[in-house]
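**Q** Would you be able to build a 3D model of this:
(chains A and B)
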Amino acid sequence: MTMTTAQKPKTDWRRTHTCGELRKKDVGASVTLNGWVHARRDHGGIYFVDLRDRYGLTQVVLGTEFKDAVKIGPEFTLSVHGKVVARDGSNVNKDRPTGEIEIIVERLEILSRSKVPPFQIDTDDEVALDTRLTYRYLDLRRPNVQKNLVHRSRFINAMRRAFEKQNFVEVETPILTKATPEGARDYLVPSRVHPGEFYALPQSPQIFKQLLMVAGLDRYFQVARCFRDEDLRADRQPEFTQLDMEMSFVEEDDIFKTWEQVLHETFRDAMGVDVAIPFPRMSWIDAMERFGVDKPDVRFGLELQEAGPWVPTCEFNVFKDAIAKGGRVKALVVPGKMELSRKDVEDTLTQIAKNSGAGGLAWWKAGKEGGVGPLARFCKGEQAAALMGQIGASEGDMCLFAAGPKNQVWRVLGDIRSHLGKRFQLTQPGTWSFTWVTQFPMFEWDADSKRWFSAHHPFTAPVDWDMGGADVDANSPKLGELFSRAYDLVMNGWELGSGSVRIHKTEVQQRIFSILGIGEEEQKRKFGFLLEALSFGAPPHAGFAIGLDRLTALSLGMDNIRDVVAFPKTTSASDLMCGAPSVVAPEQLVEVHIRTAIPPPKA
RNA sequence: GGGGACGUAGCUCAAUCGGUUAGAGUACCGGCCUGUCACGCCGGUGGUUGCGGGUUCGAGUCCCGUCGUCCUCGCCA
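**A** Here you go, the predicted structure:
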């Protein structure tokens, strides 16, 4: 809604939430209001209507002069000219602007009539998602959803300002680009001019921003749309937005400092929240050992404890076998006051453990006399006290043990820890806890295809440029022990973004490609332009990208990114509003040289 | 690709052990009401219970399939 008064200049609706909101000081002023109107009931010839601005913040009751107005539909768009008057003082609700003042209407013009809406727009009642998404443009009229988009806009603008203040240059990179092997599945676009050839939509602007570093734009950023043809989740849409950046002649520290400053200013300017900087840092291995995940929610303790040293003193073969096979035994000590029952452990938690790949969960209610639980008979005499000392448990604490390969132990206890955090509400809403997680593994072995994959991406620099020596070939298991200069930014248990120091030397890049099973020929075909670019004296560089949808959702306390995206897709990646994807005319296919038989559309 | 939950009026939901004419609130339409702000009162329209098949004397309810939405595992360099 726009509002003009004699005293007040026209307000830019993008700048303020309160523009359009009628206040007591406006009494006596002449106004023009344009907005959505939800007509209430006909009341003896008077129409009482709520005028709602585009943020849904203003509700105005029209005064008695409105009684001659024509009858109108349930929702419509209109323009009202009138005089603002104070209502009878005895009937004012002091807590809300609505009702305090009203407009005596001099002229009313219906700009646009409305059909009966498919759901009630003037309430925040729950409506089925598919209905909301089919009529997203009506859903967006609802105050709660709309304010998310306003918040998002503020966030993006604040970030842009913060980057520009640090002399970053925003550069747009192509949306029609080249398919990249590895990583996520590409969305492909057939070329009309080149029969049988395809563009791909970018999974990220990664290579382009590295080329910008070679080009000498040593402080780049971009609000970048990215596309990944993978299954959706609450925190994942097939297209999403990154705040992407890259810098030259820098290392981890410089990236961290830049982002800490940017995020500090963003939260301050967009939300008035003072985020403490610098953010704590933690190596990946510490994150895994202490929290069992690479995106730990550090707002609560309940850290994983090492039980290994105690194992040789006991007779529990499951634990001994795990250690003998090179695995680990770790524990989660749940304070007695959290009141975790035997049933909780044996039902809920055991189920979580099984979902996480464990055979089971050993539990022990700590006690100096041997405690209670399946583990109790292995905790005779001194052993009980020794175990309590080893894992830091007190009398009455519920201790949960996982044994096996370290990845599995981390996973099981990490999942259970996260469950307990939610269950016992160990986190406070409205807190923002950032952590840098550094030094991720360089490679991960894929048992199915029997080859190494990059844990981050193939352009990530190893911590050790020499990668443990020249004798490391693509078959060496040693590759699994190498660390990279990749880092993530984690907030409240969510991965917000990731980045790395990049490889800027052609030889190193070629070697990484070889380890990943990309032969010389293939390297040339797929990444020739990058390798050649690196050969022209590429500066050392590093970068980072943050998921804007996730950041916006989290900052609003939401756990689904759907409502910070104007037109989101469903879990089956379709757009219910416009009906995408859809069948196209055969002529269109012929034009782009696709002759494959198209399966008939679903019934 | 796998697992789970859900699908009943425009919307939000109910319907007992499988039982006879599928209800309520709201919305919508009509009537009454000049100070409402979830206005009130009276009346009315509105349903192939997502779709297809099966079991049964009888299915919204049970079974199978299918479609859709949500959550999740795999996947997301």
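**Q** quick one: A:Phe163 from A:Met245, how far?
**A** According to Cβ to Cβ, to the nearest Å, A:Phe163 stands 7 Å off from A:Met245. Yep, even glycine has a C-beta here, placed from its N, CA and C like the rest.
**Q** Now for the two: what residues contact both?
**A** A:Phe221 (Cβ atoms under 8 Å, 6 or more residues apart in numbering).
**Q** Would you double-check that A:Val116 falls in a strand?
**A** No. Under DSSP: H, G, I helix; E, B strand; the rest coil, A:Val116 sits outside any strand and is assigned coil.
**Q** list the buried ones in the helix ranked longest in chain A?
**A** Taking DSSP state H as the criterion, chain A has its longest helix at helix A:143-165. Within helix A:143-165, the residues that qualify as buried are A:143, A:145-148, A:151-152, A:154-156, A:158-160, A:162-163, counting by 16 or more other Cβ atoms under 10 Å.
**Q** Name the residues of the stretch 451-600 of chain A found near RNA strand B, please.
**A** A:453-458, A:560, A:562, A:570-572, A:574, A:576 (Cβ under 7 Å from any atom of the strand).
**Q** For PyMOL, write the selection for the buried entries among those.
**A** Selecting only the buried entries of those in PyMOL, with 16+ other Cβ under 10 Å as the criterion:
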select buried, chain A and resi 453+454+455+456+457+458+562+576
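**Q** And the residues of the stretch 451-600 of chain A next to RNA strand B, which two are furthest apart?
**A** Spatial extent of those (Cβ to Cβ) is set by the pair A:Pro458 and A:Leu576 at 36.9 Å.
**Q** where along the stretch 101-250 of chain A do the helices fall?
**A** A:129-134, A:136-139, A:143-165, A:206-214 (DSSP state H, counting those that start in this stretch).
**Q** Nearest to A:Val501, out of the ones you listed?
**A** Counting by Cβ to Cβ, A:Val501 lies closest to helix A:206-214 out of the helices of the stretch 101-250 of chain A; the figure is 11.5 Å.
**Q** so what does the closest one touch, helix or strand wise?
**A** Judged by 3 or more Cβ pairs under 8 Å, 6 or more residues apart in numbering; DSSP states H and E, helix A:206-214 is in contact with strand A:219-227, strand A:239-248, helix A:520-534, strand A:541-547.
**Q** Which of the helices or strands spans the closest residue to RNA strand B within the stretch 351-500 of chain A?
**A** Of all residues in the stretch 351-500 of chain A, A:His457 sits closest to RNA strand B, at 3.5 Å by Cβ to the nearest atom of the strand. Using DSSP states H and E, A:His457 falls within no helix or strand.
**Q** so who does it touch?
**A** Taking Cβ under 8 Å, 6+ apart as the criterion, A:His457 is in contact with A:182-183, A:206, A:500.
**Q** one step back: how about the helices and strands packed on helix A:206-214 in JSON lines, adding mean neighbour count?
**A** JSON lines is the format used below for the helices and strands packed on helix A:206-214 (neighbours: other Cβ atoms under 10 Å):
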{"stretch": "strand A:219-227", "mean neighbour count": "20"}
{"stretch": "strand A:239-248", "mean neighbour count": "23"}
{"stretch": "helix A:520-534", "mean neighbour count": "15"}
{"stretch": "strand A:541-547", "mean neighbour count": "24"}
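**Q** now the ones you listed in JSON lines, with distance to A:Glu444 and mean pLDDT?
**A** JSON lines is the format used below for the helices and strands packed on helix A:206-214 (distance: least, Cβ to Cβ, whole Å; pLDDT from 0 to 100):
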{"stretch": "strand A:219-227", "distance to A:Glu444": "22", "mean pLDDT": "97"}
{"stretch": "strand A:239-248", "distance to A:Glu444": "23", "mean pLDDT": "98"}
{"stretch": "helix A:520-534", "distance to A:Glu444": "20", "mean pLDDT": "94"}
{"stretch": "strand A:541-547", "distance to A:Glu444": "20", "mean pLDDT": "98"}
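**Q** what's the closest of the ones you listed to A:Val189?
**A** Closest to A:Val189 of the helices and strands packed on helix A:206-214, according to Cβ to Cβ: strand A:219-227, at 10.2 Å.
**Q** what residues does the closest one touch?
**A** By Cβ under 8 Å, 6+ apart, strand A:219-227 touches A:156, A:160, A:163, A:166-173, A:175, A:186-187, A:201-205, A:209, A:212-213, A:238-248, A:545, A:548.
**Q** Can you check what angle separates it from strand A:239-248?
**A** Angle of strand A:219-227 versus strand A:239-248, following axes from the mean of the first three to the mean of the last three Cα atoms, to 10 degrees, is 160 degrees.
**Q** Look up which helix or strand A:His81 falls in, please.
**A** Take DSSP H and E as the rule and A:His81 turns out to sit in strand A:75-86.
**Q** Adjacent strands (with direction) for that strand?
**A** Here strand A:75-86 is paired, per DSSP bridges, with strand A:30-43 (antiparallel), strand A:101-113 (antiparallel).
**Q** looking at this, A:Ile255 is in a helix?
**A** Yes. Checked against three-state DSSP, A:Ile255 lies within a helix.
**Q** got a list of what it touches?
**A** Per Cβ under 8 Å, 6+ apart, neighbours of A:Ile255: A:247, A:487, A:499, A:542-544.
**Q** What separation do you get for the nearest residue to A:Gly183 once chain neighbours are set aside and A:Gly216?
**A** Nearest residue to A:Gly183 in three dimensions, chain neighbours excluded: A:Gln203, at 5.6 Å (Cβ to Cβ, 6 or more residues apart in numbering). Distance of A:Gln203 to A:Gly216, computed by Cβ to Cβ: 25 Å.
**Q** Please apply the same query to A:Leu138.
**A** 49 Å.
**Q** so where's chain A shaky on pLDDT?
**A** Residues of chain A that meet the criterion pLDDT under 70 lie in A:1-24, A:38-74, A:87-100, A:181, A:468-472, A:596-603.
**Q** Try it again at 80.
**A** A:1-29, A:31-111, A:113, A:122-125, A:143, A:180-182, A:357-360, A:429, A:465-475, A:595-603 (pLDDT under 80).
**Q** what does the stretch 201-350 of chain A put close to RNA strand B?
**A** Residues of the stretch 201-350 of chain A lying near RNA strand B (Cβ under 7 Å from any atom of the strand): A:203-204, A:206, A:228, A:230-234, A:236.
**Q** Pretty sure A:Ala384 sits against A:Gly370.
**A** Yes. At 5.2 Å, A:Ala384 and A:Gly370 qualify as touching, with contact defined as Cβ atoms under 8 Å.
**Q** For these two, indicate the residue with more neighbours.
**A** Taking neighbours as other Cβ atoms under 10 Å, A:Ala384 and A:Gly370 compare with A:Ala384 leading, 22 against 18.
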